[in-house]
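[1] Predicted model and sequence below, questions to follow.
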Amino acid sequence: MFGFDWPRLHAALNDLPAALLLTAVLFDLLGAALKRDSLKAAGFWSLIVGVLGTGAAVLAGKLAEGATEATEHSAQAHAVLETHETLGFIVLVLFALLAAWRLVRRGVWGPREQPVALTAGVIGVALLVYTAVLGGNLVFDHAVGVAPAAARAASAPAGAARPGQADGDSDDAPALDSNSPHTHR
């Protein structure tokens, strides 16, 4: 799919919804504090687009799960994966409920609703950040979703032959000694 497999697509889709949902909550908090409708409107539209992006990221993550099941990983990694997945769904549902509530209210919460909605948004952002931390742990600490050959190559000591590379074979890139300057082609 356009050069992406599901784990890579999931990783690519995660950034924008996370930024938009955080921004939505910040705009809503500022709009409430400063009593500015323009900030509240920016929060509303950030929330709507953020929920759509979160749905796409959760769907790609669910589809990526099949690819990660094909790779070896520890029971600890599997537990982290399950928690990451569960929290992803919770974040999606929480923000989708906030978006639906706001759509029903035509973009504006009433004075008694606003503190509840803002509190839910702040809790949602905290859950979102923790979900992202777990996702990062899965890739960087447990190599979940990383092809086994790539994981071995990344963890090999500098100068060691990579999998499938015969002794004496060189890479396409020239070897640099420690005294030569670093240059890009």
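    Sure, I can see it. As the structure is a computational prediction, the values presented were derived from the model and not from experiment.
[2] what helices or strands is the helix or strand that contains Ala19 leaning on?
    Using DSSP states H and E, Ala19 falls within helix 6-34. Helices and strands touching helix 6-34, as assessed by 3 or more Cβ pairs under 8 Å, 6 or more residues apart in numbering; DSSP states H and E, comprise helix 37-69, helix 114-140. Heads up, the C-betas are built off the backbone N, CA and C, glycines and all.
[3] Quick one: mean pLDDT over that helix.
    What helix 6-34 shows for mean pLDDT is 91.
[4] Next: stretch 106-124.
    pLDDT averaged over stretch 106-124 gives 90.
[5] What lies in contact with that stretch?
    The contact list for stretch 106-124 (Cβ atoms under 8 Å, 6 or more residues apart in numbering) reads 21, 24-25, 28-29, 32, 40-41, 44, 91, 94-95, 97-98, 101-102, 105.
[6] again, but for stretch 46-63
    Outside stretch 46-63, the residues that reach it (Cβ under 8 Å, 6+ apart) are 6, 9-10, 13-14, 16-17, 19-21, 23-24, 27-28, 85, 88-89, 91-92, 95-96, 98-99, 102-103.
[7] buried residues in that stretch?
    46-51, 53-54, 56-58, 60-61 (16 or more other Cβ atoms under 10 Å).
[8] rewinding a little: now tabulate the helices and strands packed on helix 6-34 in a markdown table and tack on distance to Val146.
    Below are the helices and strands packed on helix 6-34 laid out as a markdown table (distance: least, Cβ to Cβ, whole Å):
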| stretch | distance to Val146 |
| --- | --- |
| helix 37-69 | 9 |
| helix 114-140 | 7 |
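[9] Just name the most buried of these.
    helix 37-69 (a mean of 18; mean count of other Cβ atoms under 10 Å).
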